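K.L.:
predicted model and sequence follow; I will ask about them next.
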Amino acid sequence: MSRPLRKLLDKAGMAVCVLLLVSPALLFFIWMLSLSLKFEIDNGAYPPILIPDRFAWKNYTTIFEGNSFLLYFWNSLIVTGAATLFALVVGVPAGYGIARMKAHKSAVVIMIARMTPGLSFLIPLFLLFQWLGLLGTLWPQIIIHLVVTVPIVIWIMIGYFETTPMELEEAAMVDGATRWQIFAKVALPIAKPGIVVAFILSVIFSWNNFVFGIVLASRETRTLPVAVYNMLSFEQVSWGPLAAAALVVTLPVLILTVAAQRQIVAGLTAGAVKGG
Amino acid sequence: MSILTSSDRVVGAASVGRTKRLRPSYWPFVVPALIVVIGVIVFPWVFTLWMSAMEWRIGEEQRFVGLQNYARLFTDVRFLEAMLHTLVYTALSVLAPLVLGTAAALAFNTKLPARGLLRGIFVMPMMATPVAIALVWTMMFHPQLGVLNYLLSLVGIGPLQWVYHPSTVILSLVLVETWQWTPLVMLIVLGGLAALPTEPYESAQIDGATAWQRFRYLTLPMIKPFLMVAVIIRSIDALKSFDILYTITQGGPGTASETINLYLYSVAFTYYDIGYGSAIAVVFFVLIIMLSLILLYLRQRSAWNTGDGQ
Amino acid sequence: MASVSIRNVRKSYGTVEIIKGVSIDIQDGEFVILVGPSGCGKSTLLRMIAGLEEISGGTVAIDDRVVNDVPPKDRDIAMVFQNYALYPHMTIADNMSFALRLKNTAKSEITAKVERAAGILGLGPLLGRFPRQLSGGQRQRVAMGRAIVRDPKVFLFDEPLSNLDAKLRVQMRTEIKEMHQRLKTTTVYVTHDQIEAMTMADKIVVMHDGIIEQIGAPLDLYDNPANMFVAGFIGSPAMNFIPGSIGGDGFTTEGGDRLPLGGRVPAASDGRPAVYGVRPEHFRLADDGMAAEVVVVEPTGSETQMVLRPLGAKAGREDRKRELTWVLRERTGAKPGEVVRIAPDPALAHLFNPDTGLRL
């Protein structure tokens, strides 16, 4: 076989391979989109229809009408936002301290926290929140989401600060900086990419969290995943609006994933963290 | 004598003070996080351990029962079955993503056009909200209206009952788990492939090794530590899997797909048997830690160089 | 500007002693270079002067004030690091002014000082750029600029030229020396490169295994090395060491050849074993002297370097260290295989005790 032809075949083979690889993900989300844009009749058709003759845009409007969806969106935003911000405020300095003290053993606690099933945090904290009378507010969820966000942030920041050269901080020491000035003016600005990674992953895993919500959320304090799940438990629910709701819930995350895939990949391979 | 000891102490104190002054202490950076970790992570651990020794139902008096809750586990058929389901589910949910993820990593490790975008799409399943994708899978699994049975009918298979029959429910759930988490294995292995030195490959090529031989004798041994990391993480996550199972089957039909985690949820938050639930949580936790330690030990032995920091 | 006094300084990590009691006096305005092979403790010693390492024993004083317990920021020193340690997120101007800004110096004063330093180093057009946009040599200059701006009591340099290519290194060597002649700031400079030490220093401290082998002016070390380590470390190509014994009024090599000592025979040392040291450029053709076979001739243009094997020594790995190096100014027609007889001017020969390595 001639060389150019062989090269071409190699390339075509590789393209087919890659298409095969991404197709489960791609087809799934395309089907999800299709479900969310079809009327009940089209969703129940056999053989299934991929692109319907008329789009059911009203699937999207109905979810915002009947189900206090905006309130749940807002709840999700508050819980994820607060849990992530708080995790960054305490976790970034902690990652710095642990990295500089070379206290790698303390990272074991973070590892074990990562291994512990979310439910085993839930039982004691549920009782604690009940005793404190916090149930019915967003506080229990914000606090328990720290179980997810704080370890992610600390873990990623330890890894990041360990790779930043000590020489820079020594230079700052000689230049007359105090330890707080070194942290604020040298270490922190250099660690910005690491903070971005920690932020993104913390947001995603907090946003996606479901198990804490089903136990701790009341009707007014549901986050989006819980709200979507509750839509399912209504009998006779139609597929169109349900798929539309599911898509709305996960869309912010999907956009973030594709937009920041480089940071996400870096963060996941560094710590291989996952929440809950 | 007493003078001697006191002066010794002064010298000791002075040297401690010196250490403190010259090199800044980093403790203040850690303290806030330490308080949070103790509050939301360590306290629940300890409290769970304590509750597991109690007869404790919500709304009733608590009383100390020692190891009685643990003894009950051995005779609880539902728990033992859940244990079995968990082991089968975990084993399959580690193996399938491991094989597929490694293959995907090898494909992604080549020069592809739009590699970043493709990788972004490939990673989407594991970042998407689990509840949302579980809902869509539920629709796809539907025996009459689901798209999966239609696709199978095109190649002349089926129809299957998927998650609606005890014999296929676990396999169907493993399919979702595999779909969702193959990307993570891919990323970890890809990280390993990127760290490989190129010289051995060039040398092997000169020696006349085929592509398969290069994979079998060079790549595979060298990425073994990364595969072990993937196995560890995958095992932990599969053991803990909750969102997908709960949303799609809630452990059903009957209890055919009930894992320890789902049973734990039912005991604690459906029957409000907090004491027994805590005991299950403790056993579950010990199981995860033990498995992790075994895998970590195996990983240590499989490391081809001590320099890799994963 | 200041003097630095290092008294009996020790450093140990656990039970391992890295620096075993070192004393150096550095005068105001002096350029002192700590030189030695890697692992000799020179960098650790510099970091102790900077305050980046704890001092396990002894004292370091700057201007007669003991600074053992003083953190780096209060020592009024500036340091140039091996990898430059430029703050990547700051412009060159901000890098240079960082220390001044930390001290809340007036804006006008900062600008003036930065501009002056930039002028000295030719960094003017680069002030608005970031470190990543600079070449290695430019970064090196910024690191120096950052030190100059501080106008500190002491400059510390930690192998600042080791990341530069050979040509740039020679150029920066000159620039650092010029800078010192201009500013006259007390400087402590660490390097493993003895040529850097020879060309730049007012005073060289040769370190080895945590102790000081010798302190002295560059040419003083070259002409009068205190022991075989210094003799072998300073000078390139290295000094030839010829084992043998003292006898009569000369030196007898192991091969039985006679080398002159010019009447410098130590008293009552007849028959005593010794090592005869000759710098490569000090050999001359001689009627008596040592018989050796030419192995390799390496002309460099300005001079010729020859590797010789003393007769009686067999070819082979073990005899490598018996081989002699001879550097001639003039060109030569010598061919490999030829046998020559060489000997140094006795006044330029060195004698060492083979057991202690000390000069006799």
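P.N.:
Nice, thanks for sending it over.
K.L.:
now do the strands in the stretch 1-150 of chain C.
P.N.:
C:4-13, C:16-26, C:31-35, C:57-62, C:65-66, C:77-80 (DSSP state E, counting those that start in this stretch).
K.L.:
what helix or strand is A:Ala171 on?
P.N.:
helix A:166-174 (DSSP states H and E).
K.L.:
which residues touch B:Val94?
P.N.:
Neighbouring residues of B:Val94 by CB atoms under 8 Å, 6 or more residues apart in numbering or on different chains: B:Val231, B:Arg234, B:Ser235, B:Ala238. Where C-beta positions appear, they are placed from N, C-alpha and C, glycine not excepted.
K.L.:
most neighbours among these, which one?
P.N.:
Highest neighbour count within these, by other CB atoms under 10 Å in any protein chain shown: B:Arg234, with 26 neighbours.
K.L.:
which one is it nearest to, not counting chain neighbours?
P.N.:
B:Val94 (4.6 Å; CB to CB, 6 or more residues apart in numbering or on different chains).
K.L.:
dihedrals phi and psi, that neighbour?
P.N.:
Dihedral angles of B:Val94 (phi, psi; degrees, to the nearest 10) stand at phi -90, psi -50.
K.L.:
show me where pLDDT drops low in chain B?
P.N.:
Along chain B, segments meeting pLDDT under 70 span B:1-24, B:301-310.
K.L.:
of all residues in chain A, which one is nearest the centre?
P.N.:
Here the mean C-alpha position of chain A is nearest to the C-alpha of A:Ile204 (CA atoms, centre = their mean), at a distance of 1.3 Å.
K.L.:
wait, that one sits on A:Thr250?
P.N.:
No: using CB atoms under 8 Å, A:Ile204 is not in contact with A:Thr250, being 10.2 Å away.
K.L.:
before we move on, back to that, and the residue nearest to the centre of chain A, what does it touch?
P.N.:
Neighbour list for A:Ile204: A:Val253, A:Leu256, A:Thr257, A:Ile264, B:Met127 [criterion: CB under 8 Å, 6+ apart].
K.L.:
C:Asp165 too?
P.N.:
C:Asp165 is in contact with C:Gly136, counting by CB under 8 Å, 6+ apart.
K.L.:
again, only this time at 6 Å
P.N.:
C:Asp165 makes contact with no residue, according to CB atoms under 6 Å, 6 or more residues apart in numbering or on different chains.
K.L.:
if I've got this straight, C:Ser236 is in a strand?
P.N.:
No: using DSSP: H, G, I helix; E, B strand; the rest coil, the assignment for C:Ser236 is coil, not a strand.
K.L.:
confidence score at it?
P.N.:
Per-residue pLDDT puts C:Ser236 at 85.
K.L.:
list phi and psi for it.
P.N.:
The phi/psi pair for C:Ser236 (degrees, to the nearest 10) is phi -140, psi 130.
K.L.:
give the burial count for it, as a bare number.
P.N.:
C:Ser236: 13 neighbours (other CB under 10 Å).
K.L.:
again with the one 4 residues further on
P.N.:
C:Asn240 is flanked by 23 other residues according to other CB under 10 Å.
K.L.:
distance of it from C:Val307?
P.N.:
Going from C:Asn240 to C:Val307 by CB to CB, to the nearest Å gives 11 Å.
K.L.:
so where's the stretch 251-360 of chain C uncertain?
P.N.:
Using pLDDT under 70, the stretch 251-360 of chain C drops low at C:263-269, C:312-320.
K.L.:
all helices of it, in order?
P.N.:
Shown for the stretch 251-360 of chain C, no helices are assigned by DSSP state H, counting those that start in this stretch.
K.L.:
same deal with the stretch 1-150 of chain A?
P.N.:
A:3-36, A:40-43, A:58-66, A:69-101, A:107-115, A:118-132, A:139-163.
K.L.:
what comes up buried for the strand ranked longest in chain C?
P.N.:
Longest strand of chain C, by residue count under DSSP state E: strand C:283-299. Across strand C:283-299, burial judged by 16 or more other CB atoms under 10 Å in any protein chain shown covers C:Phe283, C:Gly289, C:Met290, C:Ala291, C:Ala292, C:Glu293, C:Val294, C:Val297.
K.L.:
tell me who's in contact with C:Leu100.
P.N.:
C:Leu100 touches C:Ile110, counting by CB under 6 Å, 6+ apart.
K.L.:
distance of it relative to chain B?
P.N.:
21 Å (CB to the nearest CB, to the nearest Å).
K.L.:
for that residue, give me the pLDDT.
P.N.:
92.
K.L.:
quick one: contacts of stretch A:152-170?
P.N.:
So stretch A:152-170 is contacted by A:87-88, A:91-92, A:94-96, A:98-99, A:107, A:110, A:182, A:186, A:190-191, A:194, A:197-198, A:201-202, A:267, A:270-271, A:273, C:52, C:81, C:83, C:85 (CB under 6 Å, 6+ apart).
K.L.:
same question, stretch B:102-117
P.N.:
A:Cys17, A:Leu21, B:Met186, B:Val189, B:Leu190, B:Leu193.
K.L.:
between those, which is nearest chain C?
P.N.:
Within the contacts of stretch B:102-117, proximity to chain C (CB to the nearest CB) peaks at B:Leu190, which comes in at 27.0 Å.
K.L.:
nearest spatial neighbour of the closest one, skipping sequence neighbours?
P.N.:
Per CB to CB, 6+ apart, closest to B:Leu190 is B:Ala105, 4.4 Å.
K.L.:
list the contacts for C:Ala226?
P.N.:
With CB under 6 Å, 6+ apart, C:Ala226 has these contacts: C:Gln214, C:Arg359.
K.L.:
measure it to chain B for me?
P.N.:
34 Å.
K.L.:
thinking again about what came up before, what does the longest strand of chain C contact?
P.N.:
Against strand C:283-299 from outside (CB under 6 Å, 6+ apart): C:257-258, C:305-311, C:326, C:334, C:336, C:338-339, C:341-344.
K.L.:
is it true that A:Phe129 touches A:Gln141?
P.N.:
No: at 9.4 Å, A:Phe129 and A:Gln141 do not qualify as touching, with contact defined as CB atoms under 6 Å.
K.L.:
so which bits of chain C are right by chain A?
P.N.:
Selection of chain C residues close to chain A by CB under 6 Å from any CB of the partner chain yields C:Ala50, C:Leu52, C:Pro72, C:Lys73, C:Met79, C:Phe81, C:Asn83, C:Ala85, C:His89, C:Phe98, C:Ala99, C:Leu102.
K.L.:
can you do 10 Å?
P.N.:
Contact residues, chain C versus chain A (CB under 10 Å from any CB of the partner chain): C:47, C:50-52, C:71-90, C:95, C:98-103, C:143, C:146-147, C:149-150, C:152, C:156, C:158.
K.L.:
for stretch C:130-142, output the C-alpha coordinates as CSV.
P.N.:
Only the C-alpha atoms of stretch C:130-142 are listed here, as CSV (Å, rounded to 0.1, in the frame of the first residue of the first chain):
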residue,chain,number,x,y,z
PHE,C,130,6.5,40.8,32.8
PRO,C,131,9.3,38.3,33.6
ARG,C,132,8.0,35.7,31.1
GLN,C,133,8.6,38.1,28.3
LEU,C,134,12.3,38.4,29.1
SER,C,135,15.4,36.4,28.1
GLY,C,136,17.5,34.6,30.7
GLY,C,137,20.1,37.3,30.8
GLN,C,138,17.5,40.0,31.2
ARG,C,139,15.8,38.2,34.0
GLN,C,140,19.2,37.8,35.7
ARG,C,141,19.6,41.6,35.4
VAL,C,142,16.2,42.2,36.9
